[in-house]
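S.K.: Pasted the sequence and its predicted model underneath.
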Amino acid sequence: MSGKDKELKMSRRSFVKNAAAMAAGAAGAAVVGFSSPEAEASEKFTSPRDVQDIAETLKDKNVKVVHSVCLGCNARCGTRVLTKDGRLIGNYGNPYHPYNTRFAPIAYDMPVKESLLHSGSVCGKSKESRNYAYNPYRLIKPLKRSGPRGSGKFEPIEWEQMIKEIAEGGALFEHIGEKRMIEGVKALNSDKLIDAGAPELGTVRNGFIFIGGRDQNARKEFSDRFVKGALGSCNRIGHTDICGIGFRMGNWIMSNKKEVEFKADPVNSEFIAVFGANIYEALQPGINTYGATVANRNSKGEVRFIIVDPRATNASVHSEDWIAVQPTRDGALAMGMLRWIIDNNRYNGAFLAAPNTEAASKAGFACFTNASYLVITDPAHKNYRKFLRVADINANADEKESKDPVVADSAGMFASALKTEKANLLFSGTVKDSSGKSVSVKSAFVLMREGVFKFTVDEYAEKAGVKTADIVKLADRFTSNGTKSAVTQYHGAGNYIGGTYAAYAVAVLNALVGSVDRKGGYMKAGGGAGKWNTGIYDLALFEGARKPSGPVISREKFAYEKTTEFKKNGYPAKRPWFPMSVGGLCVEAMSGIDQKYPYPCKILMTYFFNPVYSIPGGYRYKETLSDTEKVPLHVSIDITVNESNIFADYIVPDVVYSEGHYGFLTPHAPASRFTGIRTPAVEPVTGKTKDGRHFSEETFLIDLAIASGLPGFGENAIKDKNGNMFPLKKAEDFYLRAISNLADSAKVPEASDEETAFVEKNYPVAGFKNMLSASEWKKVCYALARGGVFNTSYNDVFTGENHKFGIKEILLYSEELALTKNSITGENFSGTLKYVQPVTPKGRNIDEIDKEYPFSVITYKMNVHAQSRTHFHKWSMELFPENYIEMNDKDAATLGIRDMDSVRLISASNKDGITGKVKVTKLVRKGCLGISNHYGHTQMGASDLPISKAREVFYGGKAVAEKDRLIGNKKLGSGLQFNNVARLDEDFGNTPMVDVVGGTPDFSSTRVKVIRL
Ligand code: SF4
């Protein structure tokens, strides 16, 4: 066994030990209950201080330590990264970081030397960071396609040549028989309109489309700088939709488009209704944060919860109940709860009736609702669906007051909502307008109640596929803890067609008990510790920066009614538009590219983005990406060849998170206020440019911008507050100044000489310290040495019981949504809650049209995996070499299927289907199949590829390559990927199904047949 292997074996034991410790602790607490000696023992056993080793740096003086932030998933935990001889050797938790310490970190001013005696927890995914970084299928040189798209034929290309070709375009593939002329970046740097007949579509700049996978704060802004600021394209699109936009849309509507992230307070809540959230295995904050905190408090009897999920997650072992809701019916269940709560007068009337901030504050709350605002319900009125405003009833109102919404007050008078202390929640009647005419109005609460009262609790139970008693018990439990009850909803609760209204109903449950932004309630995050992109250095703006215009190709945040197409053709639009969406619609971006709608793509640049693998129905995009008419030039930035960039023209090698991915990571909901700083722990393994910069996204965008003559990069690109100019020629020119901005803004002190020396010895970024003044560098060292700025505690975000940084207004009726039209039907959306049967934008009910496919399918994340890349985690793959099709034991008995039988799943859209092994279980709802993500790769090391000089191109060299061939490892392709059988929407060019309000991709409506093999 080599030294390296020995090192990995030892770490694997540590990985298993830690995983076992967490599991055993959780199981012990489950069996014993709370406040017993065993529970106390399990408390110690599961303490983050005890389950992971103290940093090895104390044992070996040659080991270096860097406090940074993990990116094993998007949960943003801190890390203590250990390196030796320039290589990663271990990953631990950062004890300064609240997420590694169950919200109880060591004091921020504790000297770093002392901090090394403390530890913190990280999950198994983070432990594998070195397996991820040193996986042999990593690209270290850029590739250019040398065969037809999708053939996998590539050859290495010199960096400078690649930059020149992408900037200038031309007959780039003439040598392999493709005569077409390709437009490079320079050609798109023009103010020529895409279509002079439809000027609202913007200029040809919008033909440049950048879709980003996992890019967090800072890297996101870096690519924004190139795409939006320098080139002027509006098309820099994230991936919020596949990450989980469903529940976010519910929060977005409820918070009047102010916030998307809310969760039940894990530290102070007494009861949590968990909707479609895998709290012990896959939530943000991570499993060692949120899950561990809830599990620990549950073991002591401090918090109870009920799981609503078609599949029993690991947390179900601690749950009072597991309600196995039918997939896509979380909304029905929430509406049933709302019905029961209203029927039984169990809502918080004092909270709901306070119509403005001052009134809410007097009643003891941080925010108010618009429940009492009157809405004009007369269809003949010019302001139908809008709020009644003071100007409607008083022509002489002063200008300021005239726009105020109107409420009926407790004395039966109509008045400005902003000047009333206690309003009538239940008003429904008429009001005389300023001309003396009667106008029918209803309060937002009454309208919401009408929406909820469309069905009885029994009927909602039937729709949700649960017992009435389940809904009643959950509603009763939820309303029995004052404002210390809240929901934690996540991807399962709304990631499907119809998901916006489902997630909105789930979110409004919190408003009904008055727990929004209350201690123990439904809370947003507390924000960051300071600003990083402005301050000493202006990293947000630069001379020559453009202001993009026009609709994004995914049609998010843009109304169809503003287009020339609408003026000519009216409804329906060719594809849906999503003016109310929170955005980040990579699925509709890909479908827009496929359909050249609303305009064609010229250059597609993808960053860590694998749509073919990661999108339900993404297999459809193989056709899109193969077509040089639809995608004339495709450049992918990635660490490997994946299922999507195998169709690309160029692949640019990137760094992994331990090598780069500088970032400023603020908390997820709930509460807390901090900024973690991600900084490299080791030098990248990627190749270098002639001037010594490692190949990475930043190096590529800088060089491409300079070669294309774009502003914002190169000499004199960054201005400081005194007007001095600095270059942007390498990643650190941007990021090190950003860290300096943050340290200054957050008012961190200067580091001592000892701590400055610690950073200079351990942190690779110290090699660039001369770009800062001595004082700036010392402040940067203080923050870097601790992995960020963590100078507040969890409860510092509260004043009394209220969240200081919470939202101000909760909507029970969204006027904006009520005035927005469905771009397919031309009908207005409902402005308040409504039960929506999951249907496609053209109204197809999948349950009916696919009824001969008897099983619905849901997917989920395992605790040792994140999304598509963790099959490179070798220890996880040893523990769980493949995934399974989880089937209820009664269904298995009916079909005569036994454990580990092989079956084929086919859907209406994919009759070839996918194959896998069945795991028979009681832990998934009857009629539903559960399949974990992460498996079933065909690329990313799983297949041989005809790549020239493969030994020079891949990090593993000879171990994975012959002369002109990459040799795949079949184990990396084990298991199955559900997305390959997901249903498509035949009304829109057979592209993946999406929700018509939010653009949410559908993860749960596909129905399949199970064929035994
Ligand atoms: S949950 Fe695990 S993988 Fe995700 S950020 Fe935290 S430690 Fe890293």
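M.R.: Good, I have the coordinates. Numbering: from 1, shown residues only.
S.K.: Show the contacting residues for residue 167.
M.R.: Applying C-beta atoms under 8 Å, 6 or more residues apart in numbering to residue 167 gives the contacts 184-186, 704, 707-708. The way it works is simple: take the backbone N, C-alpha and C, and place the C-beta from them, glycine included.
S.K.: Can you pull the residues of this protein lying near the ligand?
M.R.: Residues of the chain lying near the ligand by C-beta under 6 Å from any ligand atom: 70, 72-73, 75-77, 122-123, 125-126, 286-287.
S.K.: now the residues you listed as JSON lines including neighbour count?
M.R.: JSON lines is the format used below for the residues of the chain next to the ligand (neighbours: other C-beta atoms under 10 Å):
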{"residue": "70", "neighbour count": "30"}
{"residue": "72", "neighbour count": "25"}
{"residue": "73", "neighbour count": "22"}
{"residue": "75", "neighbour count": "25"}
{"residue": "76", "neighbour count": "25"}
{"residue": "77", "neighbour count": "30"}
{"residue": "122", "neighbour count": "29"}
{"residue": "123", "neighbour count": "29"}
{"residue": "125", "neighbour count": "26"}
{"residue": "126", "neighbour count": "25"}
{"residue": "286", "neighbour count": "27"}
{"residue": "287", "neighbour count": "27"}
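S.K.: and these as a markdown table, adding pLDDT and secondary structure?
M.R.: Formatted as a markdown table, the residues of the chain next to the ligand follow (pLDDT from 0 to 100; DSSP: H, G, I helix; E, B strand; the rest coil):
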| residue | pLDDT | secondary structure |
| --- | --- | --- |
| 70 | 96 | coil |
| 72 | 93 | coil |
| 73 | 92 | coil |
| 75 | 93 | coil |
| 76 | 94 | coil |
| 77 | 96 | coil |
| 122 | 93 | coil |
| 123 | 93 | coil |
| 125 | 94 | helix |
| 126 | 94 | helix |
| 286 | 89 | coil |
| 287 | 89 | helix |
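S.K.: out of the contacts of residue 167, which are buried?
M.R.: Among the contacts of residue 167, those classed as buried by 16 or more other C-beta atoms under 10 Å are 184-185, 704, 707-708.
S.K.: Just the pLDDT at the residue lying closest to residue 850 once chain neighbours are set aside, thanks.
M.R.: Leaving aside its sequence neighbours, residue 850 sits nearest to residue 1007 (C-beta to C-beta, 6 or more residues apart in numbering; 4.2 Å). We have a pLDDT of 98 for residue 1007.
S.K.: which residues pair with residue 1007 across the strands?
M.R.: residue 856 (DSSP bridges).
S.K.: can I assume it is in contact with residue 983?
M.R.: Yes: the pair residue 1007 / residue 983 is scored as a contact, 7.4 Å apart, by C-beta atoms under 8 Å.
S.K.: Compare neighbour counts for the two and give me the winner.
M.R.: Taking neighbours as other C-beta atoms under 10 Å, residue 1007 and residue 983 compare with residue 983 leading, 27 against 20.
S.K.: Run a quick neighbour tally on the nearest residue to the more buried one once chain neighbours are set aside.
M.R.: Nearest residue to residue 983, sequence neighbours excluded (C-beta to C-beta, 6+ apart): residue 1006, at 4.3 Å. If you count neighbours by other C-beta under 10 Å, residue 1006 ends up with 31.
S.K.: Please tell me how far residue 1006 sits from residue 906.
M.R.: Using C-beta to C-beta, to the nearest Å, residue 1006 is found at 11 Å from residue 906.
S.K.: do the same with residue 327
M.R.: From residue 327 over to residue 906 (counting by C-beta to C-beta), the distance is 18 Å.
S.K.: For those two, indicate the residue with more neighbours.
M.R.: Between residue 327 and residue 906, residue 327 has the larger neighbour count (other C-beta under 10 Å), namely 27 against 16.
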